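Peer 1: Structure for the following, please:
(one chain, ligands or ions: 1)
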Amino acid sequence: MSRIVFLNGSFLPLEDARIPIMDRGFLFSDGVYEGFGVLGGRVIDNDLHLARLERSLSEIRIANPYSREQWAAFEQELVHRNDMDEGFLYLQVTRGVADRDFFFPQEGAPTVVMFTQKKSIVHSPAAEKGIAVISVPDLRWKRRDIKSVSLLAQVLAKQAAKEAGAQEAWMIEDGFVTEGGSSSGFIVTKQGRVIVRPLSNAILPGITRKSLLCLAEETGVVLEERLFTIDEAYNAAEAFLTSASNFVVPIVSIDGRPVGDGKPGAVTRRLQELYLSMARAS
Ligand code: PDD
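Peer 2: Residues are numbered from 1 along each chain as shown. Down below sits the predicted model:
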């Protein structure tokens, strides 16, 4: 069976879904995206993701083509048509098709694309055994709070990680960790405090981060939102990342140095379970 994708209001086989070369997403990266985790056929933290989409669109002045209810209905239909139980749902909105010119087109509609990727999140090797990360300079622009489709710096960062035998890159700016190439970064101090960088234009406001912080607060885990350096990360008891496509993933080494005892830590495991219980129950 062919994968069914969503393009501008229609559901169609992947091979029939075409976008003109004059699409501004292709020419200028003039668009934003969202990525959702799917578990048990349900989209996790959907309202929070759709709220962030609304904000990303409004920050780059693209009118949101659908209401939250419409988005949710399209997503559910797409998940259903692809018979997807677990995986990732990708959504992208660009400023649409117009002859190449920097100025916004006077008329026309945005291009809207959604597709699914089946994958195992809960029992992935990453979630079970943990991953290695490397540090790289953060080469991105200054509005990282917008979920822009312009991801060249992250593509290069993550490829460098792969070539170094790691799975994620932690980006460094002014000596501090900003975030992962496609994830939010956390460390756990030897005293058991969970440290995460506060929200600002320097990072994407991760939805899994937000959701996990709410859950963790209720369980009495001590949280501290502040900047941390890569040296602090080397010396941390534990480290982990969060993202919609991977939930909570332990980090067991940074730049080739084991984190703690080089195995997923107890606090990380607890938070992993906490997020998973919420996702399963939702
Ligand atoms: N990436 N930071 C960056 C730079 C990201 O690209 C992502 C998500 C996150 C985590 O955000 P969330 O919890 O909302 O997924 C943080 C997605 C999954 C991707 O590009 O595939």
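
Peer 1: what is the mean pLDDT for whatever helix or strand A51 lives in?
Peer 2: Per DSSP states H and E: A51 is located in helix 46-59. Per-residue pLDDT values over helix 46-59 give a mean of 98.

Peer 1: What is the next helix or strand after that helix packed up against?
Peer 2: Later in the chain than helix 46-59, the nearest helix or strand by DSSP H and E is helix 68-81. With contacts taken as 3 or more CB pairs under 8 Å, 6 or more residues apart in numbering; DSSP states H and E, helix 68-81 sits against strand 4-7, strand 10-13, strand 42-43, helix 46-59, strand 87-94, strand 111-118. All C-beta atoms are positioned from the backbone trio N, CA, C, and that covers glycine.

Peer 1: what comes up buried for the longest one?
Peer 2: Going back to what we said before, that points to helix 46-59. Residues 46, 48-50, 52-53, 56-57 are the ones in helix 46-59 that count as buried (16 or more other CB atoms under 10 Å).

Peer 1: Next: stretch 11-20.
Peer 2: A17.

Peer 1: For stretch 70-81, output the C-alpha coordinates as PDB.
Peer 2: Output of stretch 70-81 as PDB, limited to C-alpha atoms (Å, rounded to 0.1, in the frame of the first residue of the first chain):
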ATOM      1  CA  GLN A  70      -9.700  21.300  11.200                       C
ATOM      2  CA  TRP A  71      -6.000  20.500  11.700                       C
ATOM      3  CA  ALA A  72      -6.800  17.900  14.200                       C
ATOM      4  CA  ALA A  73      -9.300  16.300  11.900                       C
ATOM      5  CA  PHE A  74      -6.900  16.200   9.000                       C
ATOM      6  CA  GLU A  75      -4.200  14.700  11.200                       C
ATOM      7  CA  GLN A  76      -6.400  12.000  12.500                       C
ATOM      8  CA  GLU A  77      -7.600  11.200   9.000                       C
ATOM      9  CA  LEU A  78      -4.000  10.900   7.800                       C
ATOM     10  CA  VAL A  79      -3.000   8.700  10.700                       C
ATOM     11  CA  HIS A  80      -6.000   6.500  10.000                       C
ATOM     12  CA  ARG A  81      -5.400   6.300   6.300                       C
END
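
Peer 1: Many thanks, have a good one.
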